[in-house]
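Peer 1: Here is my input; please provide its structure:
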Amino acid sequence: MYWLLGRLFTSPIDLYFAGRALSAITVVLAVWISLRLFTGRGIAVAGALVMSALPITYVWPGVSSPSAGFLLVAIAIAWRWRNPSSYVTATAITWLAAAIRPEFVWAALGVTVTVAVVLVLSVTRKHMTVTTVTSLGFGLVAMPLILTVAYGNPVDLGTRSWEAFEQHYELRFATESDDPWQIDADVIGRDFPGASSIPAAATANTPAFVTHVGKNVLALPISTGGHFMGLGGDSRSQNLIGVATAGLWLTALTVALVRSPARTRAFTRRSWRTLVAPQSRGAMVIAVIVVGVALVSTVVIYPRPHYLVLAVAILITMTGLVIADLANPRVTPWLPVTAIMATSALALTAHLFSPMGSVNKLNAESLRALNALPDTWILLTPERPIDIYLVDGQQIINPSEETLAQAETFSDLVESSGVNVIFDGILFRQAEYAQLPGFDAFLQDPTILGFEPVIPGSPFLVRR
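Peer 2: Okay, here's the model as predicted:
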C-alpha cells in the first residue's frame, strides 16, 4: 500500500499521513465488507461508521489497522461460504495480513496447512475433482510464493513477536537500574537467561512468564471493553465522539436482544448449530488459528491498543449480526445509520482531514521547515527513526561507547558528533548522555550551545 501511495505522494511526510489515513480506511472498509457478506446495507454501513468513530481505529502504529482488516475479511469469507474456494481466498488474504504484520506469519502458515488438508480430503472423499483441487492448490500457494520472492523467507519475519515480548516485558518489570526503552537484554537476560523466543522464555523461567501473562489476562477485557466503548482517544473530543457512537450502537443491540426473548433463544440455537455443523469445521479452524495467534500479541505480549484493533472489529461485526437478525426489520435499515452517522462524521472529519493531532501537526511542520533549509542534518535522538522524513540527513540513535567515553560534557558530545539538530523528546531526556554535565543546562536554555527551535514551539532544535 505504501508503494502505491508513494507514487502519489513524493514527500515522506505527506506519505506518512496518507498512510495513516489509508490504514484507518482499510479497517473501516473491512467491517463494512464483513457485515455486508451476511446482512443488508443499513447494518453494514452502520457498523463501518461505528468503527470509523472509535479512537482505536487511528491508533499508532498504523500497520495494525490494515492487518486487522485483512484478517477480519478472511474470517468472514471463510464463514460466509464454508467451502474450499472460500478457504483458499481466506488464506491469500491472511498472507496479506502477515506481509503487513510479520507476527501473523504463523497464522498464515497454519491456515495454509489447514486448507491444504481440506483440499486433500476433498479429493479422497470425491467431493471435488482432481482438476478443481489442483487449480485451488495453485491458488493456495500463489500468495505466499509471491511474498517470498518479494520479501524473502517468511519464517524469518516471524521473530517480531519475540522482539515485541522483549519490549513490553522490559517496560513492565524494569528496575531503576535498567533502561527499559532500549532493548539491551538487561531485564530479559536477567529473567530469561539464554532465551531467544517466546517458548524458550516460558521454559527458562516459568513463574516469571506466567506472572506476565496473568497480568495481561486481567488487563485484556478491561482494555478491549474500553476501546469498544469508544475510549482511548488523544483528546476529550475524540473520546466523547467514540463513547457517543458506541453508546448508540450498544443501545441498538440491547433493543434487539430484549425485543423478543423467543427470537433471541432461536437465534442462539441457530447460531450454535451453524458453529458445530460439519460444514463449518474448516471455517472454525481458520478462525481459531487467526484469533489464537492474535491472542499471542494480547495475552503473551501485552494488550496494547494496536493489538486490540482486530478484537474490536470482530466485536462490532458480531454485534452487527445480532442486530441485523433480531432488530425490527422496519427500523434496522435506517435507525442505526441515522443515529450513528452524525457522530461518526465528526470522527472522520477530525481524524482523516487533519494531521492526526496537534503534536503530529507540529512535528510535520518542523520537518518540512528542516527540509526547506539547505543544510545536511545530523540528528541526535534515540526516538524511532526520524531521519527517513529528512530529505538530506542522518540520525544518531545511540552514540558509540567510545564517543560517550571521550565526552566529558554534553557540549563535547554534540561537537564530536557534528550534531546540528536535536529532537527533544522523552527518550532524549532518558538517554545515557542525559547524565553528562551540561545536559540539564541545555534543556533549560538550548541557545547556550547555539540551538533554537526550527519553528516556534518545535521540539526540533537546530544549530546553523
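Peer 1: and residue 413, what element?
Peer 2: helix 410-417 (DSSP states H and E).
Peer 1: now swap in residue 23 and tell me
Peer 2: Residue 23 is part of helix 12-36, with elements assigned from DSSP H and E.
Peer 1: in the stretch 1-150 of the chain, which spans are helices?
Peer 2: With DSSP state H, counting those that start in this stretch, the ranges of helices along the stretch 1-150 of the chain come out as 2-8, 12-36, 41-53, 64-81, 84-100, 105-124, 130-151.
Peer 1: can you tell which of those is closest to residue 257?
Peer 2: Shortest distance between residue 257 and those, using C-beta to C-beta, is found for helix 41-53: 14.8 Å. C-beta: built from backbone N, CA, C; applies to glycine.
Peer 1: can you state the direction angle for that closest one and helix 64-81?
Peer 2: 160 degrees (axes from the mean of the first three to the mean of the last three C-alpha atoms, to 10 degrees).
Peer 1: angle of helix 41-53 against helix 12-36?
Peer 2: 150 degrees.
Peer 1: Tell me which residues of helix 41-53 come out buried.
Peer 2: When burial is assessed from 16 or more other C-beta atoms under 10 Å, helix 41-53 yields the following buried residues: 42-53.
Peer 1: same deal with stretch 188-199?
Peer 2: Within stretch 188-199, the residues that qualify as buried by neighbour count (16+ other C-beta under 10 Å) are 188, 191-192, 195, 198.
Peer 1: Now render the residues you listed as JSON lines, adding secondary structure and pLDDT.
Peer 2: Formatted as JSON lines, the buried residues of stretch 188-199 follow (DSSP: H, G, I helix; E, B strand; the rest coil; pLDDT from 0 to 100):
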{"residue": "188", "secondary structure": "helix", "pLDDT": "86"}
{"residue": "191", "secondary structure": "helix", "pLDDT": "90"}
{"residue": "192", "secondary structure": "coil", "pLDDT": "92"}
{"residue": "195", "secondary structure": "coil", "pLDDT": "89"}
{"residue": "198", "secondary structure": "helix", "pLDDT": "90"}
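Peer 1: And the pLDDT for residue 24?
Peer 2: Residue 24 is assigned 88 on the pLDDT scale.
Peer 1: Ok, residue 230 next?
Peer 2: 92.
Peer 1: Pull the number of nearby residues for it.
Peer 2: Residue 230: 27 surrounding residues under other C-beta atoms under 10 Å.
Peer 1: three-state assignment of the nearest residue to it once chain neighbours are set aside?
Peer 2: The spatially closest residue to residue 230, leaving aside those adjacent along the chain, is residue 242, at 2.6 Å (C-beta to C-beta, 6 or more residues apart in numbering). With DSSP: H, G, I helix; E, B strand; the rest coil as the basis, residue 242 sits in helix.
Peer 1: Now do the contacts for the residue sitting nearest the centre point of the chain.
Peer 2: Most central in the chain under C-alpha atoms, centre = their mean is residue 64, positioned 1.9 Å from the mean C-alpha point. For residue 64, the contact set (C-beta atoms under 8 Å, 6 or more residues apart in numbering) comprises 23, 101, 306-307, 309.
Peer 1: Would you mind measuring from it to residue 324?
Peer 2: 27 Å (C-beta to C-beta, to the nearest Å).
Peer 1: Residue 402: which of the helices of the stretch 1-150 of the chain is closest?
Peer 2: helix 12-36 (31.6 Å).
Peer 1: How far does the closest one sit from its chain's centre?
Peer 2: Per C-alpha atoms, centre = their mean, to the nearest Å, the displacement of helix 12-36 from the mean C-alpha position of its chain is 12 Å.
Peer 1: Tell me where the model's unsure across this structure.
Peer 2: Residues of the chain that meet the criterion pLDDT under 70 lie in 1-3, 155-159, 175-185, 329-359.
Peer 1: Show me it divided up by domain.
Peer 2: 2-161+215-352, 358-462 (automatic domain parsing).
Peer 1: Dump these into a markdown table; add distance to residue 172 as well.
Peer 2: Formatted as a markdown table, the domains of the chain follow (distance: least, C-beta to C-beta, whole Å):
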| stretch | distance to residue 172 |
| --- | --- |
| domain 2-161+215-352 | 7 |
| domain 358-462 | 17 |
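Peer 1: Look up how far residue 300 lies from residue 173.
Peer 2: 15 Å.
Peer 1: try residue 168
Peer 2: The gap separating residue 168 from residue 300 is 9 Å, by C-beta to C-beta.
Peer 1: now do residue 290
Peer 2: The value you get for residue 290 to residue 300, if C-beta to C-beta is used, is 16 Å.
Peer 1: For those two, indicate the residue with more neighbours.
Peer 2: residue 290 (25 against 20).
Peer 1: Could you tell me whether the more buried one really is in a helix?
Peer 2: Yes - according to three-state DSSP, residue 290 belongs to a helix.
Peer 1: isn't it right up against residue 77?
Peer 2: No - look at residue 290 against residue 77 with C-beta atoms under 8 Å: they stay out of range, at 11.9 Å.
Peer 1: The residue nearest to residue 92 when sequence neighbours are not counted - how many residues pack around it?
Peer 2: Nearest residue to residue 92, sequence neighbours excluded (C-beta to C-beta, 6+ apart): residue 143, at 4.1 Å. Neighbourhood size, residue 143 [other C-beta under 10 Å]: 21.
Peer 1: wait, what's in contact with residue 143?
Peer 2: Under the criterion of C-beta under 8 Å, 6+ apart, the neighbours of residue 143 are 91-92, 95-96.
Peer 1: Make a ChimeraX selection of the buried ones in those residues.
Peer 2: Of these, the buried ones can be selected in ChimeraX as follows, counting by 16+ other C-beta under 10 Å:
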select :91,92,95,96
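Peer 1: In this structure residue 441 contacts residue 447, no?
Peer 2: No - with contacts counted by C-beta under 8 Å, residue 441 stays clear of residue 447, the gap being 10.8 Å.
Peer 1: quick one, which of the two is more surrounded?
Peer 2: residue 441 (14 against 10).
Peer 1: Please report how far the spatially closest residue to residue 427 that is not a sequence neighbour lies from residue 394.
Peer 2: Excluding its sequence neighbours, the residue lying closest to residue 427 (C-beta to C-beta, 6+ apart) is residue 382, at 4.5 Å. Look at residue 382 and residue 394: by C-beta to C-beta, they are 14 Å apart.
Peer 1: What of residue 384?
Peer 2: Applying C-beta to C-beta, the value for residue 384 to residue 394 is 15 Å.
Peer 1: The helix or strand harbouring residue 313: which residues count as buried?
Peer 2: Here residue 313, judged by DSSP H and E, is contained in helix 309-326. Across helix 309-326, burial judged by 16+ other C-beta under 10 Å covers 309-317, 319-326.
Peer 1: same check, this time on stretch 75-92
Peer 2: 75-79, 82-84, 86-92.
Peer 1: same question, stretch 384-399
Peer 2: For stretch 384-399, burial by neighbour count (16+ other C-beta under 10 Å) applies to 386-387, 389-390, 393, 395-397, 399.
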